[in-house]
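Engineer: Based on what follows, work out the 3D shape:
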Amino acid sequence: MIGAALALAISIALAQDEAPAAPPVTAVSGRGALTAGLDSNGVLSVLRFPGPGGPDQMRQAGGGEAAAPGAVGGGRWGIESGGRWYWFGDPRASTRQGYASPGSGVIETTMEWPDARLTVRQRAGVLPGHEAFVSAIEISGAGSAPRVIWVADFAPVTRQIPELPIRDGALDALNGFAAFANRAAGRVWSFRPQNPGKAEWTRARGLVAGDAALEAWTDFADGAWIGVASSAPVINLVVASTPRELMGALESRATLLSASVGPSNVGIEPAPVAQGGGYRAWIAVSVGANLVSGAKALDDAAIAAGGFFDAAPETAVLPAEIASLDPKFLPSATRHWITLRALHDAQTGLTVRDVSAVPPLARDWPREGALAAWALFEIGERDAAERSLEAYFGKIRSVDRPRRPLGSMPESLYTDGDPASPHFIVDDRGPARVLWVADRMLRDRPEAERTAWVRKHWKGIEATAEFLSTWSDARYGAPLYAVDPVGLADAETQDRLFAVHAGMAAALRLGDYAGGIAPETWRVRHAQLRDMAERVLITPEKWIAGDALVLEFEGLSEDALVQAHELTLRRLENPIALGDRALASLLLESGLLHEHAPDRAALPSLGTIEAVLDRIATTSAAGSIGPDARVSSQVLLAILALRRP
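Structural biologist: Alright, predicted model coming up:
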């Protein structure tokens, strides 16, 4: 087994090393369906369909041939002014980025080239209900009418490989297929049928060689169809096999190919529209299962894109729990709510960690997703939270199999529910936190409702609690990590211990809701874990600290509570030394400590909380992690617990 695990790890590492590096995603737009991620330069770096955990439809920025400064990979604008080209992503430009308004998923990025006195402001985002991404730019300082082009390196993907969480586009055979231009309609398409075989590839090559009419391309099967258009007059459309070929054709105004098979780059040149002393241009990108559905979304989005600067960005109504926060914390809470809303799949209830492709983080880790469900619950989005909880209970294993213990669950999931991590990786934090969050969401409900819920889910609760109570190192009781305790149990982290302790405490309370039906063995295991947690809090011993999160304080000794409180405050007072994840965990932990013992665990000072939130915002904006559901859910929970007007 160790040999197989090592081989798989090596193969994944090689696949990632061979994949072009993607710039960090710094802003995300979407509402649980089509999801777009932009880097700090406003480049469309990630486009996930059908939801935030679906396959990424972009070939990663940074790949391909160098054609111009910053003009390779992703989806980006280029502007020609005064005989010179200026590209989004150009390191010579200065950049500012933020959301257009509170509660809006519209991302505003400003690029400035001081030496040319050229400024380009972009508004971009996913249009709610349209399954389309739009980008509009406003150009000032150009003098005469500039040329504008938008280029994209799409790689349509239709499936993800269970238990092999490599970047979607890392395997060339599973992404891309063909692209073609519809010059009469001013559209260009890139697509891939669901499972193209030899016959489909042969047919596509024949259509390219024969310069087939548009109608011939519409007969391919459903899959991922990506269209690009503008409601402004379109001067040129280009389909090319390489970035260099694409750029050469656009800059020289050549029409080049009408279609291409294999890796395809597409470009569109909309006519700029004079507006208020400057110029505007816009495009829309739709993603659909077929040409018909994609075309309808594309038409509507292209029209909406033309008014993107004139109309106020559509702003979602803030949940009451966020709107009522102290104004000092409202901007941070709003930003993290936007992130959580975008990364939560509206159909399946699962929440991806991040939309990034390298490393592949567009998966749901139940150990983090459970806390995201709790955050949704606390801000008042109860239906979404309960759908998440039901999804996690549906993934608890009900049959005991080799390397898939009864009561465990996959370490990570694609949002379609398929396991994303290799099955031999067993993470006990996932099921433990699912139980703990279930208790948090139930504890304030009427007794009859609590009892009914527990009895309905008792089979899953019982299996999970049995797994947590027995999955331990026989020598001294520490929670195990994976099936092979010799080769893969060297991760005795504080976070794992605290999570399993919280899970067992929750299992006992859930049993009490249904009349005290938890067996005595659970209470014995819980006491053992509580004693270990106390020792680690007082004297860390040999446990790996990491970004440990203590969720459960009930029953801990006075010394353990004091130590936990002092350590939390001491670490929060020096936020510059910590990363986003650690700060978010510490902030939440301080809120939970105060909730448990308000007379003994004082809140961090107002200045400390503000400094921590500023540090998280600054680090995320710098691209260290980008929008991250783990950070956002914990920050939201912490703000709600720590500060209200």
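Engineer: Spatially central, which residue of the chain would that be?
Structural biologist: Residue closest to the mean C-alpha point of the chain, counted by C-alpha atoms, centre = their mean, is Asp354 at 2.5 Å.
Engineer: Just read off the phi/psi values of that residue.
Structural biologist: As for Asp354, its main-chain torsions (degrees, to the nearest 10) stand at phi -160, psi 160.
Engineer: Which pLDDT value goes with it?
Structural biologist: pLDDT, Asp354: 88.
Engineer: wait, isn't it in contact with Asp364?
Structural biologist: No: at 11.0 Å, Asp354 does not count as touching Asp364 under the criterion of C-beta atoms under 8 Å. No exception for glycine: its C-beta is placed from N, CA and C like everyone else's.
Engineer: Which parts of the stretch 251-400 of the chain are strands?
Structural biologist: 259-262, 265-270, 273-275, 278-288 (DSSP state E, counting those that start in this stretch).
Engineer: Show me what the longest one is packed up against.
Structural biologist: Applying 3 or more C-beta pairs under 8 Å, 6 or more residues apart in numbering; DSSP states H and E, one finds that strand 278-288 contacts strand 44-48, strand 132-140, strand 147-152, strand 223-229, strand 265-270, strand 273-275, helix 291-306.
Engineer: how far is it from where the chain is centred?
Structural biologist: Relative to its chain's centre, strand 278-288 lies at 24 Å (C-alpha atoms, centre = their mean, to the nearest Å).
Engineer: Could I have the CA atoms of that strand written out in CSV?
Structural biologist: The C-alpha trace of strand 278-288 is given here as CSV (Å, rounded to 0.1, in the frame of the first residue of the first chain):
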residue,chain,number,x,y,z
GLY,A,278,-12.9,58.4,-23.0
TYR,A,279,-13.8,55.1,-24.5
ARG,A,280,-15.6,52.0,-23.4
ALA,A,281,-15.6,48.4,-24.6
TRP,A,282,-17.2,45.2,-23.3
ILE,A,283,-17.5,41.5,-23.8
ALA,A,284,-19.5,38.6,-22.3
VAL,A,285,-18.5,35.0,-21.8
SER,A,286,-21.2,32.3,-21.4
VAL,A,287,-20.8,28.7,-20.4
GLY,A,288,-23.5,26.2,-21.1
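Engineer: Now render the strands of the stretch 251-400 of the chain as TSV, adding mean neighbour count.
Structural biologist: Below are these laid out as TSV (neighbours: other C-beta atoms under 10 Å):
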stretch	mean neighbour count
strand 259-262	20
strand 265-270	25
strand 273-275	12
strand 278-288	26
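Engineer: The ones you listed: lowest mean pLDDT?
Structural biologist: Looking at the strands of the stretch 251-400 of the chain, the bottom one is strand 259-262 with a mean of 83.
Engineer: what residues does that one touch?
Structural biologist: For strand 259-262, the external contacting residues (C-beta atoms under 8 Å, 6 or more residues apart in numbering) are 176-181, 201, 204-205, 207-208, 211-212, 217, 239-241.
Engineer: change it to 7 Å
Structural biologist: 176, 178-180, 204-205, 207-208, 239-241 (C-beta atoms under 7 Å, 6 or more residues apart in numbering).
Engineer: try stretch 152-161
Structural biologist: Stretch 152-161 is contacted by residues 55-59, 64, 73-75, 168-169, 174-177, 190-192, 194, 223-224, 226, 228, 243, 264-266, 414 when judged by C-beta under 7 Å, 6+ apart.
Engineer: Pull out the buried members of those.
Structural biologist: 55-59, 64, 73-75, 168-169, 174-177, 190-192, 223-224, 226, 228, 243, 264-266, 414 (16 or more other C-beta atoms under 10 Å).
Engineer: Filter those residues down to just the ones in helices.
Structural biologist: Those of these mapping onto helices are Pro243, per DSSP state H.
Engineer: Can you list the low-confidence ranges for the stretch 501-645 of the chain?
Structural biologist: Scanning the stretch 501-645 of the chain with the threshold set as pLDDT under 70 gives 540-546, 619-626, 643-645.
Engineer: Run through the helices of it in chain order.
Structural biologist: 520-538, 558-572, 580-596, 606-621, 629-642 (DSSP state H, counting those that start in this stretch).
Engineer: closest to His336 out of the ones you listed?
Structural biologist: helix 629-642 (3.8 Å; C-beta to C-beta).
Engineer: and the closest one, what other elements does it pack with?
Structural biologist: On a contact count with 3 or more C-beta pairs under 7 Å, 6 or more residues apart in numbering; DSSP states H and E, helix 629-642 meets helix 330-343, helix 366-378, helix 580-596, helix 606-621.
Engineer: Output it as PDB, restricted to C-alpha atoms.
Structural biologist: The C-alpha atoms that make up helix 629-642 are tabulated as PDB, following Å, rounded to 0.1, in the frame of the first residue of the first chain:
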ATOM      1  CA  ALA A 629     -13.900  29.700   2.400                       C
ATOM      2  CA  ARG A 630     -12.000  28.400   5.500                       C
ATOM      3  CA  VAL A 631     -10.800  31.900   6.400                       C
ATOM      4  CA  SER A 632     -14.000  33.600   5.500                       C
ATOM      5  CA  SER A 633     -16.300  31.300   7.500                       C
ATOM      6  CA  GLN A 634     -14.100  31.500  10.600                       C
ATOM      7  CA  VAL A 635     -13.800  35.300  10.400                       C
ATOM      8  CA  LEU A 636     -17.600  35.600  10.000                       C
ATOM      9  CA  LEU A 637     -18.200  33.400  13.000                       C
ATOM     10  CA  ALA A 638     -15.600  35.300  15.000                       C
ATOM     11  CA  ILE A 639     -17.000  38.700  14.200                       C
ATOM     12  CA  LEU A 640     -20.500  37.600  15.100                       C
ATOM     13  CA  ALA A 641     -19.300  36.200  18.400                       C
ATOM     14  CA  LEU A 642     -16.900  39.100  19.300                       C
END
